[in-house]
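A.B. asks: Model the structure of this input:
(chains A and B)
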Amino acid sequence: MTAAIVTRDLHKHYGRLRALDGLDLVVDAGQVHGFLGPNGAGKTTAIRTLLGLARATSGEARVLGMDPWKDAVAIHRRLAYVPGDVSVWPNLSGGEAVDLVVRLRGTAVKDRQYRLERERLMDAFRFDPRKKGRSYSKGNRQKVALIAAFAVPADLYILDEPTSGLDPLMSVVFHHEVTRVAAAGATVLLSSHILSEVEQLCDRLSIIRRGRVVEAGTLADLRHLTRTEVSFAARGITPDRPPGVPGAHDVVVAGGRVRFTLDDDRVAEALPALAELGVVGLRVTPPSLEELFLRHYGDDPAAAQTAETRRR
Amino acid sequence: MRRFAALWRLRVRRDRLQLPLWIVGTVLLAYAGYAGVTESYGSLADRQGILAAARADPVILMFRGLPSGPSAGAFLAFEVLPWLAVLAALMTTFLAVRHTRAEEEEGTAELVSATPAGRLSPTVATLTHGLTANLVLGALTGLALTSTGLDPEGSWLTGAATAATGVVFVGIGLTAAQVVRTSRAASSLTIWVLVVTFLLRGVGNAAGTPQGGLLRTASAWPAWLSPFGWAEQTRPFDENLWWPVLLAAGCGIALGILAVLLQHARDMGAGFLAERPGPAQARPALSSSTALVWRLAFGGIVGWAVGGALTGLLATTLGGVLGRVAGTNPAVVHVITRLAGSGSLDEAAITVFFTMLGIVAGCCAVQTVVRARQEEVRGTAEPVLAAAVGRVRWLADHLVVATGAVVIIVAVAVAAGCIGLAAGGHDASDLYRTVLVDGGGQLVAASVFTAITGLILSLAPRVTVSLAWLLLILATMLGMFGPLLGMPGWTMNLSPFGVTPVVSGSGVEARGLWWLLLAVAAGTSLCLAAMRRRQLAPAR
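C.D. replies: Just a heads-up that it's a prediction; the model follows:
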């Protein structure tokens, strides 16, 4: 399988700030690739560099096999982009803005296929094309970029938090569109904070923090990185006499319950010990994506862990 | 009260660089005007000669003030007071729009209005800010003139008249910002009011009745319709009338209150002129980035072209009147040729107006290229550059449209000038040639600003808007006022508008043409080359 996007040790510095600090990102062709990370982690900088809107300080990047800075125009003919915060021309109507962007990507004015797709998408997104740009709400501005992106086929879709400002119903329409283009063989790089969206759409994900990829893999791969949480009623177990469960980490006895975590692949091993204890009120919580996020989004993993415990 | 103070402080802080520049510039013009007048027209006889000439010549009165006697002070007021007032008016127009409608457009006003500060206090704070700025401007102007040893009352009155004109335009700017929906439209509307009232004042003075020989003029009624007329009716260093200052200030404050009332009556973000829906589909023509730039700049270009047509028409029709006085009054010949360099009177008048035309076209060029920067900041350059449009092409589009706009404006002006000549029954083909040569020269001069703005945009994007306009203002000052202020010759040669080819005798003198062409070519190729290496610079 060839890669649609590859970056190797990509750096982008703004003065002292290292927005990208050795980014190694690989997105294989035909994949829907989730791109996650806390605010300010460098997602948008990475995307702008991949689009050739910003020039890398050092390192290598290839998009569709080409150099994003030098071959920007050639790449852009095969690519569709939806920014997280769409700006539209205040005195152009939404319909004009959509047509313009699509034509700038190289579509002929009289393209019949495009006309039909445009009609279908405007209907699906319930979009009024006659309003002027300045009177659109955030969600409607977002629709301008989404309709322009999905109305003509592309090899690569770069979507930077595309559903911000969309209502849940419109998010469903968006999911349909991503699934449709993925089925047609396109590659999608989807930056998002919405867990269900990532879970539903993405084959693989990369988590970025402080300008570098800290975790990459399939969802199943990444789930292994967090531990299963086990808890049960204390009933005679006190902090000074912890239960002897093999593989248990961070044992806490508090609020009348015993809690600990187990490595994902050692849950089965611990079960006999639990049976022997005759536990009551047993709860086994498999690692959720949310925990995964919190672990990587917080300032440091330990703090994220406590934040997570507090939430329960 | 504390909230109001906070909003006021915010305005002062945001303007901490801009306003001092405007104020210092205006005060400097007053001061340099004094120096220029004493140097060039030191003797009473000089000044009497000029005033008599001005009386006889409407073209001079359009660009100068109201004649109020030959004393050094009154003559200074005649030379610079209208221009001081114009600077104050421009300063406050932009101030008023910047802190009201522009904030609403950007959405920051919504943030403020949702706090207990409420919807009205931003407008009231802007009004206060504008009044204060003009107060400072007027006080410093008065101080500067007093320091030269001129009569204190006249000096302070000159400052007060300047400030009062500014106050009127605070009111007009605030009201315009209420009526229309965009800051650009509000600024344009106010500037049109400025230009029209400035012309009205000139017409009123030119049609006035001479008094005291030819040295004083009692203005006709059109001058009374204009804030600039009110400023002049104070007649500093002559009668020293203070009530027109009160009239102007009162009118400005009344308009400010009207703006607050209008604000009270409307929704946030809305205007009083309704918004029409746009087309559901883009026209086939709107399918390249060049077409987009043209579409976005079109409204502005039309406005500048109307201005160009008016300038061209005035150049040849008002100039025609000159012929009648040329033989009888050598002083007229003196002042006109002093402004225009050389040549016959009709030619000189055409050259003066076509210098104005060059400035008009230059403004349009700067405005069009600066749009690229505004698109970049707003984020609408991104979808274009993320489509199949390269950076160099994107910049080139703006240069092409700006050049097209300059060509249109000059062509319209030349056509209007020729119509004026034909209507005036001129048979001298010489004048048609002057119109063509001056028009062509100013076309090149204005194009220099297209190239310079492009260069700034590609090398130092963050200062594009301020630096490009600043350079244009400097060139205007040098080109229009350099001779009058007694500036050394080499400084005037720095202004593209002042070194364009002129008709001399039967031939054409190229003057700085080759330098201008070189600047255009070098600037254009440099900025396109620099754009290859430049990345998008969205934030400030």
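A.B. asks: Quick check: residues of the stretch 51-200 of chain B near chain A?
C.D. replies: Within the stretch 51-200 of chain B, the positions near chain A by Cβ under 8 Å from any Cβ of the partner chain are B:105, B:181, B:182. For glycine as for every other residue, the C-beta is placed from the backbone atoms N, C-alpha and C.
A.B. asks: got it, and the stretch 401-540 of chain B?
C.D. replies: By Cβ under 8 Å from any Cβ, the residues of the stretch 401-540 of chain B that approach chain A are B:533, B:535, B:536.
A.B. asks: Mark which of those are buried, thanks.
C.D. replies: B:535, B:536 (16 or more other Cβ atoms under 10 Å in any protein chain shown).
A.B. asks: which stretches of the stretch 151-300 of chain A have low pLDDT?
C.D. replies: A:224-226, A:298-300 (pLDDT under 70).
A.B. asks: Which of the three states applies to the residue in it that chain B sits nearest to?
C.D. replies: Residue of the stretch 151-300 of chain A nearest chain B, by Cβ to the nearest Cβ: residue A:158 (8.4 Å). Under DSSP: H, G, I helix; E, B strand; the rest coil, residue A:158 falls in the strand class.
A.B. asks: doesn't residue A:78 make contact with it?
C.D. replies: No: using Cβ atoms under 8 Å, residue A:158 makes no contact with residue A:78, being 11.2 Å away.
A.B. asks: Please say which of these two ends up with more neighbours.
C.D. replies: residue A:158 (28 against 18; other Cβ atoms under 10 Å in any protein chain shown).
A.B. asks: Just the pLDDT at residue 67, thanks.
C.D. replies: The chain I'm using is chain A. pLDDT recorded at residue A:67 is 94.
A.B. asks: To clarify, I was referring to chain B.
C.D. replies: As predicted, residue B:67 sits at a pLDDT of 90.
A.B. asks: any idea how far it is from residue B:235?
C.D. replies: As for residue B:67, its distance to residue B:235 is 10 Å (criterion: Cβ to Cβ, to the nearest Å).
A.B. asks: Tell me the one among the residues of the stretch 401-540 of chain B next to chain A nearest to residue A:87.
C.D. replies: Of all those, residue A:87 sits closest to residue B:536, with 12.6 Å by Cβ to Cβ.
A.B. asks: OK, contacts around residue A:189?
C.D. replies: Contact partners of residue A:189, counting by Cβ atoms under 8 Å, 6 or more residues apart in numbering or on different chains, are A:4, A:5, A:27, A:33, A:35, A:47, A:50, A:156, A:157, A:158, A:159.
A.B. asks: In its sheet, which strands sit next to the one helix or strand the second one maps to, and in what direction?
C.D. replies: To tie it back to what came earlier, the one meant is residue A:5. Residue A:5 belongs to strand A:3-14 when assigned by DSSP states H and E. Using DSSP bridges, the strands paired with strand A:3-14 are strand A:17-28 (antiparallel), strand A:58-63 (antiparallel).
A.B. asks: hey, which helix or strand in chain B has the poorest pLDDT?
C.D. replies: Least confident helix or strand, chain B: helix B:330-340 with a mean of 56, by mean pLDDT, DSSP states H and E.
A.B. asks: Which SSE is immediately downstream of that helix?
C.D. replies: helix B:345-378.
A.B. asks: need the next SSE after that following helix, C-terminal direction.
C.D. replies: Next along the chain after helix B:345-378, taking DSSP H and E as the criterion, comes helix B:381-386.
A.B. asks: Tell me how far the helix or strand following that next one lies from the chain's centre.
C.D. replies: With elements assigned by DSSP H and E, the helix or strand that comes after helix B:381-386 is helix B:391-423. Centre-to-centre, helix B:391-423 and its host chain are 19 Å apart (Cα atoms, centre = their mean, to the nearest Å).
A.B. asks: I'd like to know which elements helix B:391-423 is packed against.
C.D. replies: helix B:289-326, helix B:345-378, helix B:381-386, helix B:429-459, helix B:513-532 (3 or more Cβ pairs under 8 Å, 6 or more residues apart in numbering or on different chains; DSSP states H and E).
A.B. asks: State the mean pLDDT of stretch B:500-516.
C.D. replies: pLDDT averaged over stretch B:500-516 gives 85.
A.B. asks: Show residues contacting that stretch.
C.D. replies: Here stretch B:500-516 has contacts from B:341-343, B:347, B:351, B:358, B:430, B:433-434, B:437-438, B:440-442, B:444-445, B:447-448, B:493, B:496, B:499, using Cβ under 8 Å, 6+ apart.
A.B. asks: Who are the contact partners of whichever residue of chain B sits closest to chain A?
C.D. replies: Nearest residue of chain B to chain A: residue B:278, at 2.7 Å (Cβ to the nearest Cβ). Residues near residue B:278 by Cβ under 8 Å, 6+ apart: A:92, A:93, A:94, A:95, A:96, A:130, A:131, A:132.
A.B. asks: do residue A:229 as well
C.D. replies: Contacts of residue A:229 (Cβ under 8 Å, 6+ apart): A:259, A:260, A:261, A:262, A:283, A:284, A:285.
A.B. asks: Please name the strands paired to the host helix or strand of it in the sheet, noting orientation.
C.D. replies: Secondary structure from DSSP H and E places residue A:229 in strand A:228-233. According to DSSP bridges, strand A:228-233 forms sheet pairs with strand A:257-262 (antiparallel), strand A:283-285 (antiparallel).
A.B. asks: For residue B:311, find the nearest of the strands paired with strand A:3-14.
C.D. replies: Nearest to residue B:311 among those is strand A:17-28 (49.7 Å), distances taken as Cβ to Cβ.
A.B. asks: as a whole number, average confidence for the closest one?
C.D. replies: 93.
A.B. asks: List the contacts of the nearest residue to residue B:375 once chain neighbours are set aside.
C.D. replies: Spatial nearest neighbour of residue B:375, chain neighbours left out: residue B:381 (4.3 Å); criterion: Cβ to Cβ, 6 or more residues apart in numbering or on different chains. By Cβ under 8 Å, 6+ apart, the contact list for residue B:381 reads B:372, B:375, B:394, B:536, B:538.
A.B. asks: Distance-wise, check residue B:381 relative to residue A:83.
C.D. replies: In this view, residue B:381 and residue A:83 are 12 Å apart by Cβ to Cβ.
A.B. asks: One more: residue B:118?
C.D. replies: For residue B:118, the distance to residue A:83 (Cβ to Cβ) stands at 34 Å.
A.B. asks: More neighbours: which of those two?
C.D. replies: A count of neighbours by other Cβ under 10 Å puts residue A:83 above the other of residue B:118 and residue A:83, at 23 against 13.
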